[in-house]
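Visitor: can't give you the sequence, but here's the structure:
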């Protein structure tokens with residue numbers, strides 16, 4: 001039982017760390033704690049189910065990670081930072097990138113980050129540049 005609680009805590013901490021690094025805008029959401037707990041519970045369940053089927057630890061962890069990070073692959077803040085670095089040849093810290101994210105949030109609401117065409121990514125970058133002034 002203690003190992004299961006440690007594993008659940010591990011998933012919660014891991015997801016929080018990931019959100020802090022790649023999805024910091026989500027940490028401003030009032031429901032983020034509930035999201036982290038729910039997602040960690042789902043990952044924990046996926047791990048236990050995989051383990052109960054006899055899968056080795058590393059495969060059970062892979063299955064848990066798929067559940068833990070589902071839908072979080074695209075990071076708007078990282079995209080802003082990368083675009084800024086390409087356009088301005090400088091480094092944009094996370095706080096400034098977050099400020100730009102909130103100003104340009106509508107642009108990101110229109111895309112999932114899974115760019116079907118390179119042109120879609122280029123268009124988003126072009127529209128984003130005006131927020132770098």
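Guide: Perfect, thanks for sending it. The structure presented is a predicted model; accordingly, all values stated were derived computationally and were not measured. Numbering: from 1, shown residues only.
Visitor: how's this protein carved up into domains?
Guide: 2-68, 76-132 (automatic domain parsing).
Visitor: please report phi then psi for residue 91.
Guide: Residue 91 has phi and psi values of phi -110, psi 130 when expressed as degrees, to the nearest 10.
Visitor: again, but for residue 93
Guide: phi -70, psi 160.
Visitor: the domains of the chain: lowest mean pLDDT?
Guide: Looking at these, the lowest mean pLDDT belongs to domain 76-132 (a mean of 89).
Visitor: gap between the two ends of it?
Guide: From its first residue to its last, domain 76-132 covers 15 Å (CA to CA, to the nearest Å).
Visitor: before we move on, back to that, can you redo the domains of the chain as CSV with mean neighbour count?
Guide: The C-beta positions use only the backbone N, C-alpha and C, and glycine is treated the same way. Compiled in CSV, these are given as follows (neighbours: other CB atoms under 10 Å):
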stretch, mean neighbour count
domain 2-68, 15
domain 76-132, 14
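Visitor: list the contacts for residue 7?
Guide: 44, 47 (CB atoms under 8 Å, 6 or more residues apart in numbering).
Visitor: from the chain's centre, how far out does stretch 121-133 sit?
Guide: The chain centre lies 21 Å from the centre of stretch 121-133; the measure is CA atoms, centre = their mean, to the nearest Å.
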